[in-house]
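Visitor: build me a structure from this.
(chains A, B and C)
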Amino acid sequence: MEGTTVLGRLTWQPADATGVVAETPRAKTIAFDVPGWAGHRAGQHLDVRLTAEDGYQAERSYSIASAPDGTRIELTVVRIADGEVSPYLTDDLHPGDQIELRGPVGGYFVWEPPLGGPLLLVAGGSGVAPLMAMIRLRAAAGSDVDTRLLLSSRGWNDIIYREELERLNGNGLTVVHTLTMSQPPGWAGYARRVDAEMLAEVGPSPAERPLVYICGPTPFVEAAAQALVHLGHQPEAIKTERFGPTGS
Amino acid sequence: MDELMLDGNAVAGMLTEVFAVEMTTAIVTCGNCGTSGAVGAMHVFRGAGIVMRCPNCDNAVAKIVIDGTRMWMNFTGMQTLEITR
Amino acid sequence: MPPIISRGFRGRREDAPPGRVPPGQYVTRDFPVLSAGPTPHTPLQRWDFTISGEVDEPRRWTWDEFRALASEQITVDIHCVTKWSKLDTMWQGVRIDTLLEGIETSAEYTVAFSDGGYTTNVPLEDLTGGKAWVAFSYDDEPLQPVHGGPARMLVPHLYFWKSAKWVRGLRLTAADEPGFWETNGYHNYGDPWREQRYWGD
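Guide: Presented below is the predicted three-dimensional model:
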């Protein structure tokens, strides 16, 4: 399972946008058809490259949010105001447009059912995307492995995949939200940044030896990983993927 | 903690393109402190070029510079790079 | 295979007066933070700036001594090898000429060295004659750590990797000693107007 495949030359290939769905006011999921896509593993990402008519280029990495599904992939993009790439993807890209991508990449931050569990998935904002690929794969595979998703979002309307997570909740999957900036009236859930106490309450104990995946902006990932190590989790069981300060 | 710091996952695409094997699980042994860890767990900084640093001692284990077609890689800070073929 | 053009993609580029921007550069209003390593946090009580190497006697300034030197305000355009240029950036700094006053040397080259181990080589004549500073303020504020504070080199006529962040001194050398990036693909001199980005340019 730990990625022993020889991949051949991994290089830029065209992808056709086929659909755009708004997830939250700032986030959209864009579906692409990628001719020749050889498939991917849940948790992997790809690099996107955009070229302007005068040759100007920009590259960004995005986690694949969808479970493996032939040549179809989904990326969830959070629009960063003043961003170089995200506003193009969320505002300008239409079905039929093309981008280039390179991937899939990554065998370090992947999960598939044979790896088992229990699973502790910790996500900051758009960091939920690769973990959602894992959750979707888990559902498609009919797995009921004990899986806990702790998802930190700014507010109720910023929760990406909120309704789908509500539907999937159960059958061994527990979704816990923390809303760090604003909470709806009557909110009884967590209303602060992820910390050791929250992780101890939500996650399996170290003795249960969970596989931990943390994804989000770098400060979020650092804080959560350090908290889990202090709680007694083995560093080797904690996999991290850092997005950088803006989380995209 | 440096907000801007990424990890080896961020440069995996570029490295995999060159080495033609899965790179995030490749194991780096730091030439300075001897700690081993997956490329995916290395600390990555984007300056004029890319610098991969040991999460234990900050030693630069790799430097990568790319122009359109040439790529310069320095691994002198690494004792060993282990890949699985 | 030529890259695929993404319809309508422009990126965030500002317009600039013609001739103002070196070839291949794009103007930005941001101040992107690029770093070869973690931000150092040397307390000012421990900070010093030294000039050493091909000199009779090394010179050293504590932070207070450094800040007591004559400084000036400079407004310059800066050009990063990663293709962004920022126009009319305002700094306050001490001229390298001031730091070199009274120092005799036969050295023709320098190596700027920084906290965290970064180095970059610049010919001595590119640091003198009012062409370079050790800057401690940007945009009327103390230079932030992410932008190289408490003090960084400012050598605006060369690509900005030559303006070492977190600088702690200059070593004057008889021979040219390529630095952190110059040993790994980046051009040894780095003139943006001749687009000297990489080896062989």
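Visitor: now C:Thr110, nearest residue through space, not along the chain?
Guide: C:Leu170 (4.9 Å; C-beta to C-beta, 6 or more residues apart in numbering or on different chains). Every C-beta, even on glycine, is put in place using the N, C-alpha and C of the backbone.
Visitor: residues from chain C in reach of chain B?
Guide: Contact residues (C-beta under 8 Å from any C-beta of the partner chain) of chain C with chain B: C:33-39, C:80-82, C:116-117, C:146, C:159-161, C:180-181, C:183-186, C:197-199.
Visitor: at 7 Å instead, please
Guide: C:33-39, C:81-82, C:161, C:181, C:184-186, C:197-198 (C-beta under 7 Å from any C-beta of the partner chain).
Visitor: quick revisit: there's contact between the residue nearest to C:Thr110 and C:Ile51 in this structure, I believe.
Guide: Yes: the criterion here is C-beta atoms under 7 Å, and C:Leu170 meets it with C:Ile51 at 5.2 Å.
Visitor: neighbour-wise, which of the two wins?
Guide: More crowded of C:Leu170 and C:Ile51, by other C-beta atoms under 10 Å in any protein chain shown: C:Leu170, with 28 against 20.
Visitor: list the buried residues for stretch A:134-147?
Guide: Going by neighbour count (16 or more other C-beta atoms under 10 Å in any protein chain shown), the buried part of stretch A:134-147 is A:Met134, A:Ile135, A:Arg136, A:Leu137, A:Arg138, A:Ala139, A:Ser143, A:Val145, A:Thr147.
Visitor: repeat for stretch A:153-171
Guide: The neighbour-count check on stretch A:153-171 (16+ other C-beta under 10 Å) flags A:Ser153, A:Asp158, A:Ile159, A:Ile160, A:Tyr161, A:Arg162, A:Leu165, A:Leu168 as buried.
Visitor: can you give me how far the least confident helix or strand in chain C by mean pLDDT is from the chain middle?
Guide: Least confident helix or strand, chain C: strand C:26-27 with a mean of 92, by mean pLDDT, DSSP states H and E. Its chain's C-alpha centre and that of strand C:26-27 lie 18 Å apart, by C-alpha atoms, centre = their mean, to the nearest Å.
Visitor: which of the three states applies to the residue of chain A most remote from its centre?
Guide: Note on chain A: the largest C-alpha distance from the chain mean falls to A:Asp54, namely 32.7 Å (C-alpha atoms, centre = their mean). Put simply, A:Asp54 is coil when judged by DSSP: H, G, I helix; E, B strand; the rest coil.
Visitor: and the residue of chain B found nearest chain A, its phi and psi?
Guide: Across chain B, the shortest distance to chain A (C-beta to the nearest C-beta) belongs to B:Gly40, at 2.9 Å. When read as degrees, to the nearest 10, the backbone of B:Gly40 gives phi -60, psi -20.
Visitor: rewinding a little: so what's the residue nearest to C:Thr110 up against?
Guide: C:Ile51, C:Thr110, C:Ala112 (C-beta atoms under 7 Å, 6 or more residues apart in numbering or on different chains).
Visitor: how many neighbours does A:Gly116 have?
Guide: A count of neighbours around A:Gly116, defined by other C-beta under 10 Å, yields 14.
Visitor: ok, it touching A:Asp144?
Guide: No: with contact defined as C-beta under 7 Å, A:Gly116 does not reach A:Asp144; the gap is 11.4 Å.
Visitor: now residue 40. Nearest residue, chain neighbours left out?
Guide: Looking at chain A here, since you left the chain open. Counting by C-beta to C-beta, 6+ apart, A:Pro104 is the residue found nearest to A:His40 once chain neighbours are left out, at 3.6 Å.
Visitor: the intended chain is chain C.
Guide: In space, C:Pro40 is closest to C:Asp115, 3.7 Å off (C-beta to C-beta, 6+ apart).
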